[in-house]
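S.K.: Here is my input; please provide its structure:
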Amino acid sequence: MSLSLRINLIVAGVIVVLVASMIALQLDNLRSAVREEIVATNRVSTQLLQRVARVYAENGPHALVRFLERLGRVRANDITVTDATGQVLYRSPPSTYKAGREAPGWFRALILPAPTRQVVELPWGRMTIDAEPSRAVLDGWDEMVTLAAIGAGGLLAINALVFWAMGRALRPFSQIVAALDRLKAGDFNVTLPPLPGREAAAIAAAFNRMAAVLQENIGNRQRAFEAERRLSDSRELAGLIETHIETERREIARALHDELGQSVTAIRSLALSVARRCDESDPQSAQAAGVIGEEAGRLYDAMHRMIPRLAPMELETLGLGEAIAGLLERSRAAHPSVTIEQE
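M.R.: Now for the predicted structure:
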């Protein structure tokens, strides 16, 4: 149920209660008014007819009947004249006021006063005057119908006015709901224009502040994500470069050990062999070959010292522990003056 419909129902309920209270008050006033009118009319009519009847009764019943016929209908009273035997000599004609119409039975039961009858004794019979409030009750019913129609029209008019006013007052909230839906859909650039009404304007201002904070937070998170992504790419690239360098170092170390090492060993062996053969026949050649062998030996030793620095072969074949032990032995041999303790 929408807010405007709920407010309309509340307003309609209040108006219905007010109209019902007015109708109840009108019914009570109408009941009192009808009772007072009927009692007063019956009493006055009885007093007048009692005096007139005594005058005409001296000339016999026909004179009184002719007078009553000329008099006609007395408002809110039924007059009946009977002789001493109970025969009806005269009865009031029916009322022509709003003839053919009657108030509903339930309404008559609410409004009708207690029956009122006055009896005038005559020398030759009696005259009965009964209060007849049906026309007064019908007038009251017409007033109630008019009041109810006015109340219904007022209810419709007020509800239409309230519906229009509430629709106009709540129109900015539809813009707020639409902006929230866009925000939910991921459009964080949405903003609300200045809305009419103090409450709507305050909500719009708060929404715009919230949207600005969201945009700032999302921008910060996006920048942080970009920085983290670039850092991750840099780390990945550095890792790839490091892996490539390690691969190249192992390849170089393997080439030094397998190819260059064998070539240097072969050169040294050949130089030593030449030096032994030329030792007696050609001392100079033998000396030169010895020098070549010594240089090959120094080159071999330098190469083997370089290989562990590039890629310890023991680390790949024997493991970390053996590689560290080999490194310690080489360090002791290279630096005899330095004491290295192993725990």
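S.K.: Please give the number of neighbouring residues around Asp129.
M.R.: Just to correct that, residue 129 is Ile rather than Asp. Ile129 has 24 neighbours, counted by other C-beta atoms under 10 Å. The C-beta positions use only the backbone N, C-alpha and C, and glycine is treated the same way.
S.K.: Also the one 10 residues further on?
M.R.: Per other C-beta under 10 Å, the neighbour tally for Asp139 reads 18.
S.K.: Excluding chain neighbours, what is closest to it?
M.R.: Among residues not flanking Asp139 along the chain, Lys98 sits closest, at 8.0 Å (C-beta to C-beta, 6 or more residues apart in numbering).
S.K.: On the three-state scheme, that neighbour is what?
M.R.: coil (DSSP: H, G, I helix; E, B strand; the rest coil).
S.K.: now the one 5 residues further on
M.R.: In three-state terms, and counting by three-state DSSP, Ala103 is coil.
S.K.: show me the contacts for it.
M.R.: Listed by C-beta atoms under 8 Å, 6 or more residues apart in numbering, the contact set of Ala103 reads 111, 134, 137-138, 140-141.
S.K.: Out of those, which comes closest to Ser174?
M.R.: Set against Ser174, the nearest of the contacts of Ala103 by C-beta to C-beta is Trp141 (47.0 Å).
S.K.: contacting residues around the closest one?
M.R.: Contacts of Trp141 (C-beta under 8 Å, 6+ apart): 103-104, 107.
S.K.: Quick one: mean pLDDT over the host helix or strand of it.
M.R.: In this assignment (DSSP states H and E), Trp141 forms part of helix 134-184. Averaging pLDDT along helix 134-184 yields 81.
S.K.: can you check stretch 291-309 too?
M.R.: On average, stretch 291-309 scores 77.
S.K.: For that stretch, list every residue counted as buried.
M.R.: 292-293, 296-297, 299-300, 307-308 (16 or more other C-beta atoms under 10 Å).
S.K.: Same check on stretch 87-104?
M.R.: 89-90, 92, 95, 103.
S.K.: Closest to the centroid, which residue in the protein?
M.R.: Nearest to the mean C-alpha position of the chain, by C-alpha atoms, centre = their mean, lies Val177 at 8.3 Å.
S.K.: Many thanks, we can stop here.
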